[in-house]
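Enquirer: fold the following.
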Amino acid sequence: PAAPPPRALGPPPQGPVGAAPRAEGRPSAACPEQEECSVSAGTVLAPLRAALDACRATAQKQVCNDIGRRLTVLEDAWAQGKLSAPVRKRMSLLVQELQQQHWDAADEIHRSLMVDHVNEVSQWMVGVKRLIAETRDLPAAE
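Expert: Numbers count the residues shown, from 1 in each chain. Prediction:
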């Protein structure tokens, strides 16, 4: 019988290799690419809610309400410990890209989450995707 695969594979390769771009030079809260990363819900949800508030002036009320409902689902899942460390970490990166107005990078992280963790994120990720799109369309974002 073959030996089981090694547990730790070492550091990720350097350069643009992975599907999800990393926020270079910005280790979030002294947390390298470790799965044991404890990203707080507020770190991710506060900027998402702020982006939603910024969209309220231009987006349809129904769209904003739907995004808000989905962010609440995300918040509840986070609070109940239903999100894995990789999902929390990538959501943190997604929020960083969103705040820096790196729309394509945020979209790419969103896509990788939908592919890699569809069961975990399917109920609320649609709202995050819509929020990225609405934020991108804002006139002269701050």
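Enquirer: point to the residue nearest the middle of this protein.
Expert: Met91 (2.3 Å; CA atoms, centre = their mean).
Enquirer: and the nearest residue to Gly127 once chain neighbours are set aside, what's its pLDDT?
Expert: What sits nearest to Gly127 in space, not counting adjacent residues and going by CB to CB, 6 or more residues apart in numbering, is Arg70, at 2.7 Å. No exception for glycine: its C-beta is placed from N, CA and C like everyone else's. What the model reports for Arg70 is a pLDDT of 97.
Enquirer: do the same with the one 10 residues further on
Expert: At Gln80, the pLDDT value in this model is 95.
Enquirer: now do Ala8
Expert: Per-residue pLDDT puts Ala8 at 51.
Enquirer: give me every residue that touches the residue nearest to Gly127.
Expert: Gln123, Trp124, Met125, Val126, Gly127, Val128 (CB atoms under 8 Å, 6 or more residues apart in numbering).
Enquirer: re earlier: contacts only, for the spatially closest residue to the residue nearest to the centre of the chain that is not a sequence neighbour.
Expert: Spatial nearest neighbour of Met91, excluding adjacent residues (CB to CB, 6+ apart): Val44 at 4.9 Å. Val44 makes contact with Trp78, Arg88, Met91, Ser92, Val95, according to CB under 8 Å, 6+ apart.
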